[in-house]
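Novice: I need the structure of the sequence given here:
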Amino acid sequence: MSIRAVVWDVDDTLFDYTSADRHGMRAHLAAEGLLGVYDGVEAALERWREVTEAQWARYAAGESSFEGQRRDRVRVFLGEDMSDTRADAWFQRYMGHYQGAWSLFPDVLPALDALAGSHRHAVLSNSSLHVQEHKLRTLGVRDRFEVVLCAAELGVSKPLAGAFLAACEALGLPPHEVAYVGDHPEIDGRGAAEAGLLSVWIDRGGATTRDGGDLPALRITGLAELPALVRADTRFGAPSTFG
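Specialist: Reported below is the predicted structural model:
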């Protein structure tokens, strides 16, 4: 059975989130006079990501609003009990620097172009529609995808099979006719495979940064490898030419 559609992760798969986060936070900390508060930008980024993950989990669990999780990220990160107005203003200044660094990976448009006439496309993200719709439109690729699904609205997140199956249902296709491409070996790679999709793990950093181990997913290091792979419909367990 051939692959008829590709479902995509967004952050660090299509969108260079890591670079934008690093450059945006560096610029923001400098503008706010906070570069000396942490032991370097990387330490500040690590703390910001920890806070973001914790507050996003509260939002996903229904314990906070979308705006509330943003405000609490600022309060926890700064260690200040500030008003909503001040927290909103701080976050908007951060977003200005962060969005100023947004970009697609250079191999994204060539891969989408190569598959435009042969495969349907959708997005499945563990974020929210509010975030990812805006991001995809800003990056100029929203019209490349029939549907955008996000965990916050679905009520189920990757790596649970229900998230991947929701994407297949939205496309009207069985899982074995859908490929999923994502950067996280477990959340994306194993999750998609166990849901019955053709799972493609994009390991942009190379094997030295993440160990794929016994993942039931096909590993690629760039999207230039993707068109031949999905057209061949090489399933996990079969020989792969990509190593």
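Novice: how far does the helix ranked longest in the chain sit from its chain's centre?
Specialist: The longest helix of the chain (DSSP state H) is helix 41-60. Distance, stretch centre to chain centre, for helix 41-60: 15 Å (Cα atoms, centre = their mean, to the nearest Å).
Novice: which helices and strands sit right next to that helix?
Specialist: helix 17-32, helix 66-78, helix 151-154 (3 or more Cβ pairs under 8 Å, 6 or more residues apart in numbering; DSSP states H and E). Just so you know, the C-beta spots here come from the backbone N, C-alpha and C atoms, and that holds for glycine as well.
Novice: I'd like those helices laid out as JSON lines, including distance to Val123, mean pLDDT and mean neighbour count.
Specialist: JSON lines is the format used below for the helices and strands packed on helix 41-60 (distance: least, Cβ to Cβ, whole Å; pLDDT from 0 to 100; neighbours: other Cβ atoms under 10 Å):
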{"stretch": "helix 17-32", "distance to Val123": "14", "mean pLDDT": "92", "mean neighbour count": "17"}
{"stretch": "helix 66-78", "distance to Val123": "19", "mean pLDDT": "94", "mean neighbour count": "18"}
{"stretch": "helix 151-154", "distance to Val123": "12", "mean pLDDT": "91", "mean neighbour count": "18"}
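Novice: closest to Gly196 out of those helices?
Specialist: Set against Gly196 and scored by Cβ to Cβ, these come closest in helix 151-154, at 17.6 Å.
Novice: just checking, what packs against the closest one?
Specialist: Using 3+ Cβ pairs under 8 Å, 6+ apart as the contact test, the elements touching helix 151-154 are helix 41-60, helix 129-138, helix 161-171.
Novice: ranking the ones you listed by burial, who's on top?
Specialist: The densest packing among those, expressed as mean neighbour count by mean count of other Cβ atoms under 10 Å, is seen in helix 161-171 with a mean of 20.
Novice: how about the CA coordinates for it, as PDB?
Specialist: As requested, the backbone C-alpha atoms of helix 161-171 are provided in PDB (Å, rounded to 0.1, in the frame of the first residue of the first chain):
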ATOM      1  CA  ALA A 161      -1.800   6.900  19.400                       C
ATOM      2  CA  GLY A 162      -5.000   9.000  19.500                       C
ATOM      3  CA  ALA A 163      -3.200  12.100  18.400                       C
ATOM      4  CA  PHE A 164      -1.800  10.400  15.300                       C
ATOM      5  CA  LEU A 165      -5.000   8.700  14.500                       C
ATOM      6  CA  ALA A 166      -6.900  12.000  14.700                       C
ATOM      7  CA  ALA A 167      -4.600  13.300  12.000                       C
ATOM      8  CA  CYS A 168      -5.400  10.200   9.800                       C
ATOM      9  CA  GLU A 169      -9.100  10.700  10.500                       C
ATOM     10  CA  ALA A 170      -8.900  14.300   9.500                       C
ATOM     11  CA  LEU A 171      -7.400  13.300   6.200                       C
END
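Novice: then whichever helix or strand comes after that helix to PDB, C-alphas only?
Specialist: Past helix 161-171, further along toward the C-terminus, the next helix or strand under DSSP states H and E is strand 178-182. What follows is strand 178-182 as a C-alpha-only set of coordinates in PDB (Å, rounded to 0.1, in the frame of the first residue of the first chain):
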ATOM      1  CA  VAL A 178       0.100   8.100   6.100                       C
ATOM      2  CA  ALA A 179       3.700   9.100   7.000                       C
ATOM      3  CA  TYR A 180       4.600  11.200  10.000                       C
ATOM      4  CA  VAL A 181       7.800  13.300  10.100                       C
ATOM      5  CA  GLY A 182       9.100  14.600  13.400                       C
END
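Novice: brilliant, that's me finished.
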